[in-house]
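**Q** coordinates for the following, if possible.
(chains A, B, C and D)
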Protein chains: 4
Amino acid sequence: MNLLQTRWEELADIKRVLAKRDWFPGTSGNLAIKVDHDPCSFLVTASGKDKTIETNEDFLLVNALGKPVNDTHLKPSAETLLHVEVFTKTNAGCSLHVHTVDNNVISELYGDDGSITFKGQEIIKAYGLWEEDAEYTIPIIYNHADIPTLASEFSKFVKKDAGAVLIRNHGITAWGRDALEAKKYLEASEFLFSYHLKLLSLKALKVTI
Amino acid sequence: MNLLQTRWEELADIKRVLAKRDWFPGTSGNLAIKVDHDPCSFLVTASGKDKTIETNEDFLLVNALGKPVNDTHLKPSAETLLHVEVFTKTNAGCSLHVHTVDNNVISELYGDDGSITFKGQEIIKAYGLWEEDAEYTIPIIYNHADIPTLASEFSKFVKKDAGAVLIRNHGITAWGRDALEAKKYLEASEFLFSYHLKLLSLKALKVTI
Amino acid sequence: MNLLQTRWEELADIKRVLAKRDWFPGTSGNLAIKVDHDPCSFLVTASGKDKTIETNEDFLLVNALGKPVNDTHLKPSAETLLHVEVFTKTNAGCSLHVHTVDNNVISELYGDDGSITFKGQEIIKAYGLWEEDAEYTIPIIYNHADIPTLASEFSKFVKKDAGAVLIRNHGITAWGRDALEAKKYLEASEFLFSYHLKLLSLKALKVTI
Amino acid sequence: MNLLQTRWEELADIKRVLAKRDWFPGTSGNLAIKVDHDPCSFLVTASGKDKTIETNEDFLLVNALGKPVNDTHLKPSAETLLHVEVFTKTNAGCSLHVHTVDNNVISELYGDDGSITFKGQEIIKAYGLWEEDAEYTIPIIYNHADIPTLASEFSKFVKKDAGAVLIRNHGITAWGRDALEAKKYLEASEFLFSYHLKLLSLKALKVTI
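**A** Residues are numbered from 1 along each chain as shown, chains lettered A, B, ... in the order given. Here you go, the predicted structure:
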């Protein structure tokens, strides 16, 4: 199996697992994995497909501008430009974007604050932070309908080889040096969102009783 | 594979995916896909079956009146008349009806308003609306026990080739030009319902703290 | 395939589908399907097994007293006596008992009332009630630790060939003339429990805003 | 199949079932099963792996100090020392540690109390308690970042061959004499956590109406 095939399989595995969780409602979400550095190329999900189905047209190879490398009738996902920022500004190898109910609710509840910070939670170790008082902040950006504008705003928070950014009332983009790390950042973030929302409810109600 | 078989497979794929989400509780729900235009015929789920099971009697072919085209012991779903409205009034190719807890709760909470409107949410793009301030309204109709009366009320809101209507304390019917679009409308609507209910709770509770 | 094998397969299918929903937490739950009328015999789940696993020791044949028909090292589920009531007092062919979070919460919230009544909900048709104002009442009984006492209390509400009874802070038992109907009663009840709890929350919170 | 292989399969089965429930977010969680008594050895999950994937490097054999028995590039899970306490202080044969939203919320809501007690719930029978008024207490300990300190604190509550301990804002460790019992303790605890949180919400809200 050559490198392209290996990366295809890695991305297909992630797509299958996330699809089982219904994390791609209404054909939403898009996934990307780097294939080469110089010149930069990466596989990205083709636009508008039902991600519960597996085909040999699920992904296409694009360049550092997010344009198809080969002649194809497939269109890269509309938000490919965000993955371009991840792959050109950092050493990340994989970048994942999904819509979930909980990441959307968090993004709206804390959108005016511009970010949400988690601390005192074991799962923060997934971000590579091992201290007892470690905290992790996820920025929340405005959901510009114009993708280049959104990518430009998103780019401000793409500084490290692994990270996560929420787009308000839209979804999360999480990335890492490889598929495993990107998925780890994504899952840790979703866990923290769900945990935070449930704890917020229960604390409010426990006070009320 | 002829056209009938192709459509059968498409509908079976949707049935399988939605069954895994438990969207057909108590044998509820029904699905339809157009096979021919002139004269109009479509496949519809047979009445009273457990939709977690796959058999060669899951669907039957009916005409523009919702009556079986061929001699059969199978009965079309009780609500076939609603799919008839979709296929005879528009160019839709697929129509899906499911009961979920969240679509039922939304239909009851906003039933007196006669509709619910969503805006400022990325997933609204699933309805083909790309503007930043786009909004999408889903009508909520009364759940008449008499199906012809229900179909007649439902028909008032069947105007475009893709759409969605809530029936109060009953479920949603979503349709589109093909299976992919119908499923996209259905999933986007369910996402918005779940998102709305969770945000409503959290906002109320956040105020309480 | 003889009758015993056919019934075994039917019960195994239900077990598999319900196990996927995690409706058998901590080896809880038990399932039964009638094999013969006269003398009455039925298959029931063996005690203490993990129901996410499939083996040829999942069920055993018992008689009208709930005792094994054949020599076996398997023990029938502790609550086999409840299924005995169902099969000896009615023409039911299948009886299902599961623990879910929502059926337990409903049973505790409405336990003092002795029952909960649903109306104005489409899914009530699953109980064979087709009128617009139809209502369905599910009794809630005390969870006696002594199984014969529990079975005796349960028996008071076993009158029809299909039905459902909640045991407080324990679970639901639903039955029907065949596997399909028993599963339909079970799923309709679980849907109504989840719907009711969510609507109750949202209505309370909507008032608060 | 020799004993090592048998135990490997048992642990792989549990890993598969729990992974389907998404109980290993962000590569979290770790599982252990005893292979031999004297000298003590057990299989434990290798560190940092995605537990939705199955490989022949998922587990490694460690000794009574939690150190690899054989030469290997694999590292035992960071929290292997907790499983060491379980296997050296009791006759337990299996020990499971998972992070779920609900066990984390419970651990935070009741963390200051140092424990949570359940009673009047049928599923308490999963802990081997059959009396009508039986109650079961799960200790909640502080989440020390230093694992030996955490293991030492944890050890205070490891007294019986089956049990469960919550680590605040971290997760649960449940163990039993064999894989079946460990899983039963784990599932019963998760059921009780989810039930308790939902009932707490609903009771508070029911009063509000």
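**Q** quick one: stretch A:92-104 to chain centroid distance?
**A** Between the centre of stretch A:92-104 and the centre of its chain there are 3 Å (CA atoms, centre = their mean, to the nearest Å).
**Q** close to chain D, is it?
**A** No - shown here: stretch A:92-104 not in contact with chain D (CB under 8 Å from any CB of the partner chain), separated by at least 9.5 Å. All C-beta atoms are positioned from the backbone trio N, CA, C, and that covers glycine.
**Q** flag every buried residue along the lengthiest helix in chain A.
**A** Secondary structure of chain A per DSSP state H: the longest helix is helix A:179-208. Neighbour-count burial for helix A:179-208 flags A:179-205 (criterion: 16 or more other CB atoms under 10 Å in any protein chain shown).
**Q** try stretch A:162-181
**A** A:162-181.
**Q** quick one: mean pLDDT for that stretch?
**A** Taken as a whole, stretch A:162-181 has a mean pLDDT of 98.
**Q** equivalent analysis for stretch A:46-60, please.
**A** Here stretch A:46-60 scores 96 as its mean pLDDT.
**Q** endpoints of it, how far apart?
**A** 6 Å (CA to CA, to the nearest Å).
**Q** now do that stretch: distance to the chain's middle.
**A** Using CA atoms, centre = their mean, the offset of stretch A:46-60 from its chain centre is 17 Å.
**Q** same thing with stretch A:73-92?
**A** On CA atoms, centre = their mean, the centre of stretch A:73-92 falls 11 Å from the chain's centre.
**Q** checking A:Leu43 next. Helix, strand or coil?
**A** Three-state call for A:Leu43 (DSSP: H, G, I helix; E, B strand; the rest coil): strand.
**Q** try the one 10 residues further on
**A** In terms of secondary structure, A:Ile53 is coil; the call rests on three-state DSSP.
**Q** for the nearest residue to it once chain neighbours are set aside, give its distance to B:Val35.
**A** Nearest non-adjacent residue to A:Ile53, counting by CB to CB, 6 or more residues apart in numbering or on different chains: B:Asp13, 7.3 Å away. Look at B:Asp13 and B:Val35: by CB to CB, to the nearest Å, they are 16 Å apart.
**Q** neighbour-wise, which of the two wins?
**A** Ranked by neighbour count (other CB atoms under 10 Å in any protein chain shown), B:Asp13 and B:Val35 place B:Val35 first, with 21 against 15.
**Q** in contact with the more buried one: list those residues for me.
**A** Shown in contact with B:Val35 (CB atoms under 8 Å, 6 or more residues apart in numbering or on different chains): B:Leu3, B:Leu4, B:Arg7, B:Ser41, B:Phe42, B:Leu43, B:Leu61.
**Q** re earlier: now check the longest helix of chain A, is it near chain D?
**A** Yes - applying CB under 8 Å from any CB, one finds helix A:179-208 in contact with chain D at A:180, A:183-185, A:187-188, A:190-191, A:194-195, A:198-199, A:201-203, A:205-206, A:208.
**Q** ok, now stretch A:21-33?
**A** Yes - between stretch A:21-33 and chain D, judged by CB under 8 Å from any CB, the touching residues are A:Arg21.
**Q** so which elements touch whatever helix or strand A:Leu61 lives in?
**A** Assigned by DSSP states H and E, A:Leu61 falls within strand A:59-63. If contacts are counted by 3 or more CB pairs under 8 Å, 6 or more residues apart in numbering or on different chains; DSSP states H and E, strand A:59-63 sits against helix A:3-20, strand A:40-45.
**Q** can you list the low-confidence ranges for chain A?
**A** Within chain A, the stretches with pLDDT under 70 are A:1, A:207-209.
**Q** what parts of it come near chain B?
**A** Contact residues (CB under 8 Å from any CB) of chain A with chain B: A:22, A:25-28, A:48, A:50, A:52-53, A:99, A:101-102, A:104-105, A:108-109, A:143-145, A:167, A:169-171, A:197, A:200-201, A:203-205, A:207-208.
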